[in-house]
Each structure stands twice: as structure tokens, then as C-alpha cells.
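Q: Sequence first, predicted model second:
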Amino acid sequence: MVSIYIGVFCYTRGMKKLPKSYTVLGQKIKITQKLEPQYLDRYAEYNLYGLYMHDKLEIYVSPDQSLESQWRTLFHELGHALCYRSGLAFDDQFRDGLHEQLVELYANFIYESFHDKK
């Protein structure tokens, strides 16, 4: 987690554009703002801000939101990546509701702790 904190601090100073990739627990995760048609079809009914695709080791962040919201979405999806990479997401006791709560808590903590306050 330390590498995520340090990297997030560097990226969020000045709220620069999103990185092209990020390493989570030793695995490089690609970050994209283009979603393949197969995923567009699968999630068409949702107003998708972001998506972690474990099978592709890729995070999608919608460009149709403010830069602040893009960063918050990225942190949220990095939380999903962290859960998958750590094995937590495969634990039967770690159900969707708890998973989403933990990921959102993590995302808010990272954003509020490390972005420049004006």
C-alpha cells in the first residue's frame, strides 16, 4: 500500500491527468479511457464511471466526468484491483456489499488525504 500512497501523492499534486498504468501489489494495471464494445454492451444499462477488469488487468475511467471525479473513480477502481490482487475479492465472506463499502472508503481516504487542498 505504501507505493500506492506515494504514487497517488505525486499524481494528485496539481490534479494532473491520469497515469497510463499503475502497479498494484507487483502487477502492472493499464489505465484507459476507452472501453471496448463488449464491455459497453455488458454495462450499457449503467452510468459507468469506471470499471476494473481483473481478467485484462485494466482499469477504465470514463472521460465524461470532471478531472476530480476521474481521480476519485481511479482510486475506487484501484481499490478493486487491490482486493483482487490480495485475494480478498475471492473470499466467500467478502460479499459485494462489503467489498464496495471497503473500496469506497479506501478511495475517499486516498483522495482526501493526498490531493492539494485549496
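A: Done, it's in.
Q: which stretches of this protein form strands?
A: 21-24, 27-32, 50-53, 58-61 (DSSP state E).
Q: Could you say which one of those strands comes nearest to residue 73?
A: Distance to residue 73, taken as Cβ to Cβ, is lowest for strand 50-53 among these, at 3.9 Å. Glycine gets a C-beta too; all of them are placed from N, C-alpha and C.
Q: distance of the most centrally placed residue in the chain from residue 92?
A: Here the mean C-alpha position of the chain is nearest to the C-alpha of residue 77 (Cα atoms, centre = their mean), at a distance of 2.0 Å. From residue 77 over to residue 92 the distance is 23 Å, taken as Cβ to Cβ, to the nearest Å.
Q: do the same with residue 21
A: 31 Å.
Q: Please identify which of these two sits among more neighbours.
A: residue 21 (14 against 5; other Cβ atoms under 10 Å).
Q: Quick check: closest non-adjacent residue to residue 30.
A: Leaving out its chain neighbours, the residue that sits closest to residue 30 by Cβ to Cβ, 6 or more residues apart in numbering is residue 58, at 4.5 Å.
Q: The one you found contacts residue 29, correct?
A: Yes: the pair residue 58 and residue 29 qualifies as a contact (Cβ atoms under 8 Å) at a distance of 6.7 Å.
Q: The nearest residue to residue 104 once chain neighbours are set aside: how many residues sit nearby?
A: The spatially closest residue to residue 104, leaving aside those adjacent along the chain, is residue 76, at 6.3 Å (Cβ to Cβ, 6+ apart). Neighbour count of residue 76, defined by other Cβ under 10 Å: 22.
Q: Now for residue 76: which residues touch it?
A: 49-50, 103-104, 106-107 (Cβ atoms under 8 Å, 6 or more residues apart in numbering).
Q: Out of these, which is nearest to residue 39?
A: residue 50 (11.4 Å).
Q: OK, contacts around that closest one?
A: 59-62, 73-74, 76-77.
Q: With residue 85 instead?
A: So residue 85 contacts 24-27 (Cβ under 8 Å, 6+ apart).
Q: Of those residues, which pair is most distant in space?
A: 24 and 26 (7.8 Å).
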